[in-house]
Each structure stands twice: as structure tokens, then as C-alpha cells.
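Engineer: Provided below are the primary sequence and the corresponding predicted coordinates.
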Amino acid sequence: MNLPNKLTVFRIILIPIFAIVLMLPTNIWGGDAQLPTTHLIATIIFVVASLTDTADGQIARRQHLVTNFGKFADPLADKLLVMTALVFFVQFQWVPAWVVALIVIRELAVTGLRTLIVENNGTVMAAAMPGKIKTSTQMLAITFYLLHNIIFRSFGIPFAEIMLGIALFFTIYSGIDYFVKARFVFADGFK
């Protein structure tokens, strides 16, 4: 297994650890009431996992280590990480359930589409730029939710909410983009 794929697997391993930390009581280790220690630790885990996403893609392209496993598992790891955080955010009442539902629906639909493409022509559809923007803005939003918007709170800027709005736009846009580009998969269904 090459280094980019190991980073992807490492990211997948971090997801349950991230979830366990979010399940812990916020006052378990004390900490600032404005930023509970468990949320700070969860932020660190989330940021490390997010950075492995950036690193694995760059290494794979630079060293010509792109594999079908990487093209499939890398975006899947991103989806699992993001969806885990957002499900907890609904439980914490930080994010409306309908926003998370739209994101989850898009992620499942695109994953299903990628599976159909593999079955249809044996290749994995790599992530396009709108999908990469979607992932980046989702990860930024999640990071600032976990940090309780602490950096921008004193300025009255709801940065996490703004980033989530941008992420939602790119979630929908990139989902439509994938289906338009892969419409050939459905061509036989409309005959």
C-alpha cells in the first residue's frame, strides 16, 4: 500500500476516535466554558484528518501514485468524516437537520453514481473542482463549529454558518455537476 493510501486509511481510523471524543461529556477535562476541552480535542483530530486529505492527494499526483483505491477511498473517507461531524452537530442543535439531510443525500447519491460508473466502464470518477470546493468549505465550517466560532465571535461574524451555507451551495452544485457529467450511465434507461 502506497503512502497516499495509508494516509486515507489513517483518516478512516481517526473517524471513530473523533466520534468517541464528541460523545464524551464536555466538562470531562474541565477547560474554558466557551470552548470545552473535548471540542478542542475533537477539533485537533478533525484538522489532522482533514490535512491527511490534502496531503494524500498532493503526494499521489506528484509521485504518480494515483490508484483506483485512492480515487474511491479518499472521497469516501471525506464523506464519512464530514457526515460523522454533521450528525453530531444536529444532536448538539448547532445545525438544522434539513441541511445535514441534503448533504447526506448528495453524498449517498454521488457514491452510488460512482459505483454505477465503475460497473459501467471499469473506471472510478475522480473528484472534480466543485466537489473539492464542497469538501474544503464543509471542513472549514466543521472546524469553526467545533471551535464555537471563537475567532470570529467577538466581531459578531457567524463564520461557521457562512461557510456551511457556501458548503451547502457547492454540495448541491457539485452533485448536479457529477450527474450531468455521468448522464451516459443512465442512457440505456431512457430508451
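Structural biologist: Perfect, I can see it now. Numbering: from 1, shown residues only.

Engineer: Extract the C-alpha trace of the least confident helix or strand in the chain by mean pLDDT and format it as PDB.
Structural biologist: Using mean pLDDT, DSSP states H and E, helix 150-153 stands out as the lowest-scoring helix or strand of the chain, at a mean of 81. What follows is helix 150-153, C-alpha atoms only, in PDB (Å, rounded to 0.1, in the frame of the first residue of the first chain):
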ATOM      1  CA  ILE A 150     -14.300  31.600  18.900                       C
ATOM      2  CA  ILE A 151     -12.100  33.600  16.500                       C
ATOM      3  CA  PHE A 152     -14.900  35.500  14.800                       C
ATOM      4  CA  ARG A 153     -17.400  35.600  17.700                       C
END
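
Engineer: Toward the C-terminus, what is the element adjacent to that helix?
Structural biologist: Downstream of helix 150-153, the first helix or strand assigned by DSSP states H and E is helix 159-181.

Engineer: just checking, what packs against that next one?
Structural biologist: Under the contact criterion of 3 or more Cβ pairs under 8 Å, 6 or more residues apart in numbering; DSSP states H and E, helix 159-181 touches helix 97-121, helix 129-146. The C-beta positions use only the backbone N, C-alpha and C, and glycine is treated the same way.

Engineer: Contacts made by that helix with the rest, please.
Structural biologist: 95, 99, 102-103, 106, 109-110, 113, 125, 128, 130-131, 133-134, 137-138, 140-141, 144-145, 149, 151-152 (Cβ atoms under 8 Å, 6 or more residues apart in numbering).

Engineer: again, 6 Å this time
Structural biologist: 99, 103, 106, 110, 113, 130-131, 133-134, 137-138, 140-141, 144-145, 149, 152 (Cβ atoms under 6 Å, 6 or more residues apart in numbering).

Engineer: Report the buried members of these.
Structural biologist: 99, 103, 106, 110, 113, 130-131, 133-134, 137-138, 140-141, 144-145, 149 (16 or more other Cβ atoms under 10 Å).

Engineer: which two of those residues lie the greatest distance from each other?
Structural biologist: Leu113 and Asn149 (34.1 Å; Cβ to Cβ).

Engineer: thinking again about what came up before, who wins for proximity to Ala42 among the helices and strands packed on helix 159-181?
Structural biologist: The nearest among these, by Cβ to Cβ, is helix 129-146 at 5.6 Å.

Engineer: Rounded mean pLDDT for that closest one, please.
Structural biologist: Mean per-residue pLDDT for helix 129-146: 93.

Engineer: Dump stretch 79-90 to CSV, restricted to CA.
Structural biologist: Taking C-alpha atoms only, stretch 79-90 is exported to CSV below (Å, rounded to 0.1, in the frame of the first residue of the first chain):
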residue,chain,number,x,y,z
LYS,A,79,-17.7,11.8,3.3
LEU,A,80,-17.6,9.6,6.4
LEU,A,81,-15.6,12.3,8.3
VAL,A,82,-17.9,15.1,7.3
MET,A,83,-21.1,13.2,7.9
THR,A,84,-20.0,12.0,11.3
ALA,A,85,-19.4,15.6,12.4
LEU,A,86,-22.7,16.9,11.0
VAL,A,87,-24.7,14.2,12.6
PHE,A,88,-23.3,15.2,16.0
PHE,A,89,-24.0,18.8,15.1
VAL,A,90,-27.6,18.0,14.7
